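K.L.:
need coordinates for the below:
(chains A and B)
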Amino acid sequence: MDAILFLIFAAIAVVCGINMVVQKHPISSALSLVGVMAALAALYLLLGGEFIAAAQLVVYSGAIMVLFIFVIMLLNAGAEPKSVLKPMGKYLGAPLLVVFFGIMSFVVQNMTPSSDNVVFGSFKGAGPREIGTSLFTVYLLPFEVTSVLILIAILGAIVLARKEID
Amino acid sequence: MPPLPLPPSVPISWYLTLSAILFSLGVLGFILRRNIITVFMSIELMLNAVNLTFITFSYMLKRVDGHIFSFFVMVVAAAEAAVGLAIILTVFKNRQTLEIDEVSSLKN
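P.N.:
The predicted structure follows:
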């Protein structure tokens, strides 16, 4: 059952990811990215991360993607013209990417213990309670720094996007 | 029809391989696409792939720290999206284009 669920959601994620790359219109790419993020939220649930799955749905596929789609609508972005690739990118790009992926999966296969399997429900140490405790004790300083970062981001976005006032 | 020869539970390396696939797709989109918004979305895809790796290692080590890290990655991605989209708005206001090849005043 675990394997079936994993394969379903992994297939959704990969298909939506490929669709995101090949689509010409930015709004199609954005909707495919929403699909990837929703599938990843389901995979987080399989890995025992209830809080992070909910945060993924709310923050990523909710807030961030709405911001993206809002900007696409606002700028009335149309389909992009066909990419003109330089010969090096044309003939070396795809093979190099395949080599990159091959090296990564080789390292992954060799590094992880083959007996260690993901069983749904066997890891209970990452619920909201544990995350909250860890966030407000061990990781308190990074948490506070994050709030300063968000404040700076808000100010920066306002300064960049406001109308010029003479 | 005989049942498919599926393992009862999924090896951890499958999750990491899925993450590698998604990261490679993000790199591909980042290099191939020319619309600045789509390039930005490819960065988000790469961040998501890294998040999946964090959560998987957190499961493997039975610790909560990976979840905290991926939470921070989400926060940074949100801040980055807000500032980046404001920059895109400004670029479009000044140049009336979204093609990254045409925004090249720093070239040469």
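K.L.:
can you list the domains in chain A?
P.N.:
Chain A breaks down into these domains under automatic domain parsing: A:2-126, A:127-166.
K.L.:
how about those domains in a markdown table, adding mean pLDDT?
P.N.:
Compiled in a markdown table, the domains of chain A are given as follows (pLDDT from 0 to 100):
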| stretch | mean pLDDT |
| --- | --- |
| domain A:2-126 | 86 |
| domain A:127-166 | 88 |
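K.L.:
can you lay out these as TSV showing mean neighbour count and distance to B:R63?
P.N.:
(Glycine included, C-beta is placed from N, CA and C.) Output for the domains of chain A, formatted as TSV (neighbours: other Cβ atoms under 10 Å in any protein chain shown; distance: least, Cβ to Cβ, whole Å):
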stretch	mean neighbour count	distance to B:R63
domain A:2-126	17	7
domain A:127-166	13	9
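K.L.:
what would those look like in TSV with distance to chain B?
P.N.:
Output for these, formatted as TSV (distance: least, Cβ to the nearest Cβ, whole Å):
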stretch	distance to chain B
domain A:2-126	4
domain A:127-166	4
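K.L.:
let's have those in JSON lines, adding distance to B:V73.
P.N.:
Listed next are the domains of chain A as JSON lines, based on distance: least, Cβ to Cβ, whole Å:
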{"stretch": "domain A:2-126", "distance to B:V73": "10"}
{"stretch": "domain A:127-166", "distance to B:V73": "11"}
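K.L.:
for those domains, which one sits closest to B:H67?
P.N.:
Counting by Cβ to Cβ, B:H67 lies closest to domain A:2-126 out of those; the figure is 4.7 Å.
K.L.:
gap between the helix ranked longest in chain B and the chain center?
P.N.:
When chain B is parsed with DSSP state H, its longest helix is helix B:65-95. A distance of 12 Å separates the centroid of the chain from that of helix B:65-95, by Cα atoms, centre = their mean, to the nearest Å.
K.L.:
can it be found next to chain A?
P.N.:
Yes. Helix B:65-95 is in contact with chain A by Cβ under 8 Å from any Cβ of the partner chain, via B:65-68, B:70-72, B:74-83, B:85-90, B:92.
K.L.:
need the buried ones from these selected in ChimeraX.
P.N.:
Selection command for ChimeraX covering only the buried members of the residues of helix B:65-95 next to chain A, criterion 16 or more other Cβ atoms under 10 Å in any protein chain shown:
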select /B:65,66,67,68,70,71,72,74,75,77,78,79,80,81,82,83,85,86,87,88,89,92
